[in-house]
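**Student:** return a 3D structure for these sequence lines:
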Amino acid sequence: MPYSEIEQSNLNIVNAALAASSRDFAKFFDIFVENVEWTLAGHGPVAGTYSSKTELFAKAEEALFARFASPLTITVDGTWADGDNVFARIKSATTAADGKPYRNEYMYIMTMQDGRVVSGIEWLDFHAYYEIIERIKL
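**Tutor:** Residues are numbered from 1 along each chain as shown. Predicted coordinates for the structure are as follows:
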C-alpha cells in the first residue's frame with residue numbers, strides 16, 4: 001500500500017536528514033524540536049526519557065561524542081512510515097579517541113509533527129555505549 005501524503009512527507013524529511021548527517025550523525029538531531037521527548041530504551045545510567053534535546057545531549061550524547069576521534073558516520077538499513085511515525089534502522093561507525101573502532105546499531109521510532117521530531121524511542125547496543133564510556137576516561 002502506498003504511503004499517504006503526510007507519511008511520504010515525514011519519510012522524506014527523515015531520509016533527507018539522515019543523508020545530510022551520514023558523515024556527522026550529530027547533525028541529524030537538527031530535525032528534533034527543542035522540547036522533544038526522547039526515550040533511550042534499556043538499562044543503565046543513561047537509559048530513560050529525556051524532555052528536551054538539550055537534556056538528551058547533556059546527559060547522554062555529549063559523553064559519547066567526546067570520546068570519538070572523528071565524527072560518527074552512519075548507514076541507513078531502512079526507513080518506513082506509518083501515520084505520524086517514522087521508523088529508521090541505522091548502523092554507525094567511527095574511531096574512538098584511543099584509536100579503536102566504535103560501532104553501534106539503532107532502531108528509532110520517531111513521531112513527527114509539522115515536519116519535526118516531537119517524540120521518539122531509540123533502541124541501541126548499550127554494551128557498546130557503556131564500554132567506550134568506561135574505556136576512555138575524560
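**Student:** could you use CA atoms for every contact and neighbour count after this?
**Tutor:** OK.
**Student:** buried ones in the longest helix along the chain?
**Tutor:** Longest helix of the chain, by residue count under DSSP state H: helix 5-20. Within helix 5-20, the residues that count as buried by 16 or more other C-alpha atoms under 10 Å are 6-15, 17-19.
**Student:** Ala17 reaches Ala26, doesn't it?
**Tutor:** No: using C-alpha atoms under 8 Å, Ala17 is not in contact with Ala26, being 10.6 Å away.
**Student:** and the strands in this structure, which stretches?
**Tutor:** 32-40, 48-50, 73-82, 85-95, 101-113, 116-124 (DSSP state E).
**Student:** the ones you listed: which one's closest to Arg135?
**Tutor:** Of all the strands of the chain, the one in closest proximity to Arg135, counting by C-alpha to C-alpha, is strand 101-113 (11.5 Å).
**Student:** name the strands paired with the closest one and say parallel or antiparallel.
**Tutor:** Take DSSP bridges as the rule and strand 101-113 pairs in its sheet with strand 85-95 (antiparallel), strand 116-124 (antiparallel).
**Student:** what does that strand contact?
**Tutor:** Contact with strand 101-113 is made by 10, 84-96, 117-125, 128-129, 132, as judged by C-alpha atoms under 8 Å, 6 or more residues apart in numbering.
**Student:** do stretch 35-42 as well
**Tutor:** Contacting residues not belonging to stretch 35-42 are listed as 46-53, 56, 117-124, 126 [C-alpha under 8 Å, 6+ apart].
**Student:** again with stretch 17-33
**Tutor:** 14, 52-53, 71-76, 115-118.
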